[in-house]
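**Q** Give me the fold of what follows.
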Amino acid sequence: MQLEKKDIRALSKDQLRDFFVANNDKAFRGNQVYEWLWSKGAHSFEDMTNVAKTTRSMLEDNFVINHIKVDTMQRSSDGTVKNAVRLHDGLVVESVLIPTDTRTTACVSSQVGCSLDCNFCATARLKRMRNLEPGEIYDQIMAIDKESRLYHNHPLSNIVFMGMGEPLMNYNNVIKAIDMITSSEGLGMSPKRIMLSTSGIPKMIKKMADDDVKFKLAVSLHSAIDEIRAKIMPFSKNFPLKDLREALEYWYRKTKSKISYEYVVWKGINDDKASIDALVKFCKYVPCKVNLIEYNPIDDGEFQQASEESIMAYIKALENIGVVVKVRRSRGKDIDAACGQLANKEGNDN
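**A** Predicted coordinates:
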């Protein structure tokens, strides 16, 4: 029985160098191949034009490159681009390019489906099938960078992990992907232009702080009242707000990095004064900003966009305590460019 070939991108540069030495070749060949895989984004060994044909054949015999393929691409009238990304095993995830006048943001996925059960989220209706590998996350960024250059005449400027899946449930692979995205041997992007959005897993937020990550943190909050949050996001019963608060305080003590709260206001769920007062109180614990997000209903159920009056009441109360508030309007409505949890992010703030 033929053994399944390993994805070559699972090897570090040193492991690639060792492979070539073990096969009676020069160690520097590993550097060449590594550059093709990451900096140049090679889709196949045949793309590696400065590598000898015999060497390419040897690589073909031993490895595969499990590169993604953009199966379908939709372009919105507002410039938003939605990609249906097919993986090597036939599964599909989504990524979205979100443009503004000054930048383009990639909204990327970290899992096929999702481990969590947020009731308002379309992805939550898909069971988690598997985690994405670092290369599959990286490939989404490469594809969107090309689209940004093609359609908006400049390179990708920002990344949000706000697509399909919970990034902190695929922590190691997400961190490896970010390491490569920010590496001079990859895309060389500043970590300050990357935002990881989590539904709020306290122990993993603390781990990020301990690991001294340099990217930004957003929390999909939606209510600062445990009972309401558990109705919106049932898994949060295991992660009460007092634990989340403690983790966020720990994060800020270690990183001194301000937190962004992603917050959708729904009619009849969290549009009352008690909810506003609770969020105001929660925002006093740690330096933060709040993104109030326009909701794209996924059906005619209980989750419906709140009134403008409710949004304005939130804005007034938060601004009264000095919290910066932004309202994020939905993008790509004509192509239903809902990307994972929220899909309405216009780019993380610098």
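
**Q** what about residue 26, how many neighbours?
**A** By the measure other C-beta atoms under 10 Å, the count of residues near residue 26 is 12. For every residue, glycine as well, the C-beta is placed using N, CA and C.

**Q** pLDDT score for it?
**A** Looking at residue 26, its pLDDT stands at 92.

**Q** pretty sure it contacts residue 19?
**A** No. With contact defined as C-beta atoms under 8 Å, residue 26 does not count as touching residue 19 (11.6 Å).

**Q** For the stretch 151-300 of the chain, which segments count as helices?
**A** Using DSSP state H, counting those that start in this stretch, the helices found in the stretch 151-300 of the chain span residues 171-182, 202-210, 226-232, 241-255, 273-283.

**Q** weakest of those helices by average pLDDT?
**A** Across these, helix 226-232 has the smallest mean pLDDT, namely a mean of 93.

**Q** roughly how far is that one from the heart of the chain?
**A** 24 Å (C-alpha atoms, centre = their mean, to the nearest Å).

**Q** Flag the shaky bits of the stretch 51-200 of the chain, pLDDT-wise.
**A** Along the stretch 51-200 of the chain, segments meeting pLDDT under 70 span 115-128.

**Q** could you check the distance from the residue most central in space within the chain over to residue 50?
**A** With distances taken as C-alpha atoms, centre = their mean, residue 161 lies nearest the centre of the chain, 1.2 Å away. Distance, residue 161 to residue 50, by C-beta to C-beta, to the nearest Å: 34 Å.

**Q** And for residue 163?
**A** Here residue 163 is placed at a distance of 34 Å from residue 50 (C-beta to C-beta).

**Q** got it, and residue 15?
**A** From residue 15 to residue 50 the distance is 21 Å (C-beta to C-beta).

**Q** got the buried residues for the helix or strand that contains residue 148?
**A** Assigned by DSSP states H and E, residue 148 belongs to helix 134-152. By neighbour count on 16 or more other C-beta atoms under 10 Å, the buried set for helix 134-152 is 134-145, 147-148, 152.

**Q** what's the answer for stretch 306-323, then?
**A** So for stretch 306-323, counting by 16+ other C-beta under 10 Å, buried means 306, 310-311, 313-315, 317-318, 323.

**Q** Make TSV out of those and add secondary structure, pLDDT and distance to residue 101.
**A** Below are the buried residues of stretch 306-323 laid out as TSV (DSSP: H, G, I helix; E, B strand; the rest coil; pLDDT from 0 to 100; distance: C-beta to C-beta, whole Å):
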residue	secondary structure	pLDDT	distance to residue 101
306	coil	86	28
310	helix	94	28
311	helix	94	23
313	helix	97	29
314	helix	97	26
315	helix	97	23
317	helix	98	30
318	helix	98	25
323	coil	97	25
